[in-house]
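Asker: just the structure for this:
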Amino acid sequence: MILLIAIVLIIVCWVTGGQIKGRIRDIPVPVILALALAIQLKTWWLFLALGATFQIIRLGYGNKDPNDSKPSFLATIIPDYNGWWIRSAWGLLVSTIGALPLVLGHFLGLWAYLGYILLNTVVNFLVTRLRLNVYLTDILVSANIASILFFLRYDNSFISIQTYF
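Answerer: Numbering: from 1, shown residues only. Coordinates of the predicted model:
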């Protein structure tokens, strides 16, 4: 039940933050995700570690625009005017850095970690490449970030796609 509540809250915060342009996405999403993971895994140091590493979502994924006076960090280093590669790089960085404490704490196996990274990278590429509606894009991206909740390892048994690898 905690997983479902966390995912719904993350999606609501993400969509609301995307439309209002406030900090509704930047601050609550990492906190909700870190809290849900810490509760599920009954390991409180994860709350602090994941709360810090998932702050990477604030990196920004806006595409390069010559008229933009304040482009996203990735737009300054990746010359991508369509945003496909910038968004993919953002997904790669968010999943790699955000989930790292889970790997280091042995709560996330290597195959699950790589699967989470691949899933985030591909979804972020596709939502931009396919030019999906902004609401659908926000729902897919936020649910994708929250999907880490399904890749976890509990009591040395795998509850994820990792069982198949």
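
Asker: show me the contacts for the residue nearest to the spatial centre of the chain.
Answerer: The chain has Ile145 as the residue nearest its centroid, 3.0 Å off, counting by Cα atoms, centre = their mean. Counting by Cβ atoms under 8 Å, 6 or more residues apart in numbering, Ile145 touches Ile10, Trp14, Val29, Leu33, Phe54, Ile57, Val94, Ser95, Gly98, Asn120. For the C-beta atoms, the positions are set from N, CA and C on the backbone; glycine is no exception.

Asker: what do you get if the cut-off is 10 Å, keeping everything else the same?
Answerer: Counting by Cβ atoms under 10 Å, 6 or more residues apart in numbering, Ile145 makes contact with 7, 10-11, 14, 29-30, 33, 54, 57, 91, 94-95, 98-99, 116, 119-120, 123-124.

Asker: what does Val94 give?
Answerer: Applying Cβ under 10 Å, 6+ apart to Val94 gives the contacts 53-59, 61, 117, 120-121, 124, 141, 144-145.

Asker: which one of these is nearest to Leu104?
Answerer: Thr53 (10.0 Å; Cβ to Cβ).

Asker: that closest one touches Pro30, doesn't it?
Answerer: Yes - Thr53 is in contact with Pro30 according to Cβ atoms under 10 Å; the separation is 8.2 Å.

Asker: and the helices in this protein?
Answerer: For the chain, applying DSSP state H gives helices covering 2-20, 28-41, 45-53, 73-77, 84-98, 100-104, 110-129, 134-146.
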